[in-house]
Every structure is written in C-alpha cells, then in structure tokens.
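A.B. asks: using only what follows, build the 3D model:
(one chain, ligands or ions: 1)
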Amino acid sequence: MKNTSSTFVAAKQKGEKLAMLTAYDYSTAKIIDNSGIDGILVGDSLGMVCLGYKDTLSVTMEDMIHHTKAVARGTNNALLVSDMPFMSYQTSVYDAIKNAGRLIQEGNAEAVKLEGGASVQEQIKAIVKAQIPVMGHIGLTPQSVNIFGGFKVQGKADEDAKKIIEDAKILEDSGVFSIVLEGIPSKLAEIITNSVSIPTIGIGAGKYCDGQILVYQDMISMFPDFKPKFVKSYADVGDSMASAFKTYIHEVKNSVFPDDEHSFKMNDKVLSKLY
Ligand code: KIV
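C.D. replies: Numbering: from 1, shown residues only. This next block holds a predicted model:
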C-alpha cells in the first residue's frame with residue numbers, strides 16, 4: 001500500500017501504529033522501503049550521521065535536495081518526508097514556501113517537516129495552503145540546540161510542558177498532518193497524543209505516541225559517536241562492517257582475494273597471442 005499524509009491520519013483513526021525510519025541514500029532507502037516501513041524521513045540528522053558535523057545547523061537546502069532525490073529513487077511505498085534545514089523557513093513565510101516547494105519539486109519528497117510551534121505557524125499555514133503536507137516537530141528540536149544548551153530532554157518543568165502542549169495544538173490548527181515529538185517525558189507525549197486528532201510520531205518520547213521514528217544508523221549500531229538512551233539496538237551492523245573490512249584487508253595483503261572465482265577468464269587462443 002502506498003502511504004500518504006492521508007493514510008497517516010487514517011492510521012490514527014483506526015488505532016494503527018506507524019513506523020518510520022530515516023534514510024539518506026538510494027540503497028538504504030530501498031532496503032527500508034522493502035521492509036514495509038510506513039514513512040521515510042530524509043532528516044537533517046544527515047549532517048551528523050552522514051556528513052560528520054557536530055549538530056544539524058550546517059545542513060543546507062542543497063544537501064537536503066541531493067539526499068532526498070537519492071532516497072526518492074529507492075522509495076515506492078513509504079511516505080517520503082524531507083526535513084527543512086536550519087534557516088530555510090525561519091527567515092520568512094516566502095522562504096518557507098519557496099524552500100518547501102524545492103524539496104517537493106527538485107527532491108521529489110511528498111511532505112516536508114519543520115521544527116517549532118507558535119513561532120513558525122504562519123510558515124506552516126502558508127506551506128499547507130500551497131498544497132504541501134507538513135509534519136511538525138516539537139520538544140527537543142535539534143535546530144534549537146544552542147538555545148537549549150545541548151541535546152537535553154524538554155518539557156520536564158510544568159511551564160515548559162504546557163508550552164509544548166500548546167504548540168501541539170497550534171500545529172494541528174495550522175494544518176500539519178502529523179507531529180514528531182522528540183526528547184520529552186512519555187507522560188507528556190501521552191497527553192499530547194490524546195489531545196490532537198493527527199498522529200504523533202515519537203523519538204525519545206515513550207510508548208504512548210501513535211508512531212515511532214529512529215535514525216537508522218542508531219538502531220543498527222552504525223553511528224559510533226554516541227548512543228542516545230532512547231535508542232534500542234536491533235543489529236550490530238557497525239561491528240559486522242568492521243569485521244568485513246578487516247577480513248578484506250587481511251585477504252588482500254595475503255593474496256587470498258581476488259581468487260579465480262572473482263576474476264574474469266580469457267580464451268587460451270587469444271592468450272597465447274599475447275606472449
Ligand atoms: O533529522 C532527523 O532525523 C529528525 C528525526 C530525529 C525526527 O528530525
């Protein structure tokens with residue numbers, strides 16, 4: 001079944017959980033899509049897990065379009081959402097529509113995601129009015145890392161929690177089809193999930209959300225820099241890769257690889273003419 005922003009909303013009405021993962025390239029998108037995932041996000045986390053930046057702030061529109069195009073070529077059934085990078089929508093409503101449009105037209109995304117609540121409601125309304133589905137993102141919004149003073153859980157104090165609940169309602173009223181809740185207490189995520197009619201997608205937000213998303217490198221232990229507390233490891237792909245690379249190096253250095261099975265043969269007659 002082809003997932004769309006409408007099937008996401010319908011899933012909540014039917015009480016069906018939604019599973020999402022990030023992807024940043026064609027091969028991985030194909031594997032994830034063929035696994036039956038509901039949605040793929042080309043997250044600006046690509047700045048950290050693919051490009052090696054310390055946060056997401058250096059990611060550009062060109063980076064996002066480049067990677068979204070690649071993921072789109074490997075995605076058939078999942079809803080393809082692309083992240084709006086830092087400063088691509090905060091600057092003005094015009095920039096927001098223009099850049100959301102580029103992710104759809106040039107990147108072939110089917111929806112965009114942007115961070116924030118009340119502060120970006122005009123941008124969201126305008127993008128939705130331009131017929132582009134928008135996914136909201138509140139809580140620990142990584143583009144605000146310098147305001148938060150690090151990647152810290154949000155909404156622990158009552159005033160902060162109330163602000164996040166208010167933001168969720170503003171996002172729903174502004175027309176988003178879904179909201180990512182990142183890095184907030186699970187009971188706060190439950191209150192939000194029960195107070196909006198659109199699906200909440202949690203990451204570090206506990207079990208009460210309508211769906212979950214993880215950065216794929218995190219959940220298969222491929223990202224060596226740090227492992228957030230909320231990440232469950234489903235495979236040790238980093239270890240498998242390191243082991244394969246070490247075996248390859250050993251075999252090359254000891255003339256084990258390539259063997260005849262992995263080489264091309266030549267007709268003996270032709271060969272004899274070469275000596
Ligand atoms: O950039 C990203 O990967 C994200 C998810 C963590 C939700 O925004």
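A.B. asks: so what's the nearest residue to Asp160 once chain neighbours are set aside up against?
C.D. replies: Sequence neighbours aside, Gln154 is the residue nearest to Asp160 in space, at 6.1 Å (criterion: C-beta to C-beta, 6 or more residues apart in numbering). For glycine as for every other residue, the C-beta is placed from the backbone atoms N, C-alpha and C. By C-beta atoms under 8 Å, 6 or more residues apart in numbering, the contact list for Gln154 reads 139-140, 148, 160, 164, 183-184.
A.B. asks: over to Asp44?
C.D. replies: Contacts of Asp44 by C-beta under 8 Å, 6+ apart are 56, 59, 64, 83-86, 142-143.
A.B. asks: which of these come close to the ligand?
C.D. replies: Asp83 (C-beta under 6 Å from any ligand atom).
A.B. asks: show me which pair in the contacts of Asp44 is furthest apart.
C.D. replies: Pairwise distances across the contacts of Asp44 peak at 14.2 Å for Met64 and Pro142 (criterion: C-beta to C-beta).
A.B. asks: so Glu159 sits in a strand?
C.D. replies: No - using DSSP: H, G, I helix; E, B strand; the rest coil, the assignment for Glu159 is helix, not a strand.
A.B. asks: could you report the neighbour count for it?
C.D. replies: 7 (other C-beta atoms under 10 Å).
A.B. asks: ok, now Gly238?
C.D. replies: 15.
A.B. asks: thought it was touching Met219?
C.D. replies: No - contact criterion C-beta atoms under 8 Å: Gly238 and Met219 do not qualify, at 11.5 Å.
A.B. asks: closest one of the contacts of Asp44 to the ligand?
C.D. replies: The ligand lies nearest to Asp83 out of those, by C-beta to the nearest ligand atom, at 5.2 Å.
A.B. asks: how close does that closest one sit to Ile40?
C.D. replies: 12 Å (C-beta to C-beta, to the nearest Å).
A.B. asks: please apply the same query to Lys2.
C.D. replies: Computed as C-beta to C-beta, the Lys2 to Ile40 distance reads 13 Å.
A.B. asks: and the residue nearest to Arg73 when sequence neighbours are not counted, what does it touch?
C.D. replies: Take Arg73 and drop its neighbours on the chain: the residue closest to it by C-beta to C-beta, 6+ apart is Tyr26, 5.2 Å away. By C-beta under 8 Å, 6+ apart, the contact list for Tyr26 reads 70-71, 73-74.
A.B. asks: show the buried residues in those residues.
C.D. replies: The neighbour count (16 or more other C-beta atoms under 10 Å) marks 70-71, 74 as buried among the contacts of Tyr26.
A.B. asks: with respect to the ligand, which of these is nearest?
C.D. replies: Once C-beta to the nearest ligand atom is applied, the member of these that ends up nearest the ligand is Val71, at 12.2 Å.
A.B. asks: three-state assignment of Phe230?
C.D. replies: coil.
A.B. asks: related to what we said a few turns ago, what about the residue nearest to Asp160, helix or strand, and which?
C.D. replies: Here Gln154, judged by DSSP states H and E, is contained in no helix and no strand.
A.B. asks: over to Ile65?
C.D. replies: helix 61-73.
A.B. asks: with neighbour numbers in mind, choose between Lys2 and Ile40.
C.D. replies: Ile40 (31 against 9).
A.B. asks: tell me who's in contact with the more buried one.
C.D. replies: 20-23, 29, 32-33, 71, 75, 78-81.
A.B. asks: please flag which of these sit within strands.
C.D. replies: Mapping the contacts of Ile40 onto strands (DSSP state E) picks out 20-22, 79-81.
A.B. asks: of those, which is the most crowded?
C.D. replies: Val81 (30 neighbours).
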